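>>> quick one, fold the following:
(3 chains)
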Amino acid sequence: MIISQEFFNRNTIQVAKDLLGCYLVSESKEGRTAGKIVETEAYLSDDPGSHTFKGKTKRNEVMFGPAGRAYVYFIYGAHHCINVVTQKPGVGEAVLIRALEPIEGIEIMRKRRNKDDVKDLTNGPGKLVSALAIDKSCNGLDFNDRIKILERKEKPKIIATTRIGLSQGKDLPYRFYIKDNPFVSRK
DNA sequence: AGAGCGATGGCCT
DNA sequence: GGCCATCGCTCTA
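Okay, the predicted model is just below:
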């Protein structure tokens, strides 16, 4: 089942936890690729680690829009990352999807990633975006388009810890992952 | 297994 | 001009 917009129009930390175990699906000409979400990070409006901390800019404007859309940004001159926008319009918050467990289209992912090992296909935010052929053209799309999020079947055991790669807000416990899942990017 | 680091480009001040 | 919500390669063990 597709997830309703009300699911995303909620407290961002709660959405980050509830996304664990849900499925991210990408349709393309080459076929469908999909994975279970196993690691997320929350980015809040009063959070110095968030792109929105200093207000709205051209880059982050999707984060201030309605919940349930994709915020895709380009980083380090090489990678894209994908977030799910949360909260009502005007509030710049989102959940970064950091890792997936590959479920469908593994051969397509292998080609896109140029890697054979299943454990190295989607265990990082830049990697999963590449495996699912997500790019700048997905920025602002609803998760009801060529990228979708489907409901989880069961509630996983969750670990909460600090986020990765930040210089600001690095002590906040806003990273969540599924306990004992081998596809998490880092413990 | 872990640390160090270069690549690379868009955005912000 | 400087800064990144990263990745993959290299070097040391």
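>>> could you use CA atoms for every contact and neighbour count after this?
Fine.
>>> quick check, residue A:17 in a strand?
No: counting by DSSP: H, G, I helix; E, B strand; the rest coil, residue A:17 falls outside a strand, being helix.
>>> isn't it right up against residue A:176?
Yes: between residue A:17 and residue A:176 a contact is recorded at 6.4 Å, counting by Cα atoms under 8 Å.
>>> list residues touching both of the two?
Common neighbours of residue A:17 and residue A:176, counting by Cα atoms under 8 Å, 6 or more residues apart in numbering, are A:40, A:158.
>>> so where do the strands sit in chain A?
A:23-28, A:31-43, A:70-75, A:79-85, A:94-104, A:147-150, A:158-161, A:175-178 (DSSP state E).
>>> ok, which of these comes nearest residue A:130?
When those are compared by Cα to Cα, strand A:79-85 sits nearest residue A:130, at 7.9 Å.
>>> number of nearby residues for the spatially closest residue to residue A:164 that is not a sequence neighbour?
Closest residue in space to residue A:164, ignoring its immediate chain neighbours: residue A:170 at 7.4 Å, by Cα to Cα, 6 or more residues apart in numbering. Neighbourhood size, residue A:170 [other Cα atoms under 10 Å]: 14.
>>> and residue A:170, its phi and psi?
phi -70, psi -20 (degrees, to the nearest 10).
>>> measure it to DNA strand C for me?
9 Å (Cα to the nearest atom of the strand, to the nearest Å).
>>> do the same with residue A:7
18 Å.
>>> just checking, that residue touches residue A:14?
No: Residue A:7 is beyond contact range of residue A:14, at 9.6 Å (criterion: Cα under 8 Å).
>>> out of these two, which sits in the busier spot?
residue A:7 (16 against 13).
>>> list the contacts of that one.
Residue A:7 touches residue A:15, counting by Cα under 8 Å, 6+ apart.
>>> where does it land on pLDDT?
Note on residue A:7: pLDDT of 98.
>>> just the C-alphas of stretch A:180-187, formatted as PDB.
C-alpha atoms of stretch A:180-187 as PDB (Å, rounded to 0.1, in the frame of the first residue of the first chain):
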ATOM      1  CA  ASP A 180      21.100  -6.200  13.500                       C
ATOM      2  CA  ASN A 181      20.300  -5.400   9.800                       C
ATOM      3  CA  PRO A 182      23.400  -6.100   7.700                       C
ATOM      4  CA  PHE A 183      22.600  -3.300   5.200                       C
ATOM      5  CA  VAL A 184      23.000  -0.400   7.600                       C
ATOM      6  CA  SER A 185      25.800   2.000   6.500                       C
ATOM      7  CA  ARG A 186      27.400   2.200   9.900                       C
ATOM      8  CA  LYS A 187      26.700   1.000  13.500                       C
END
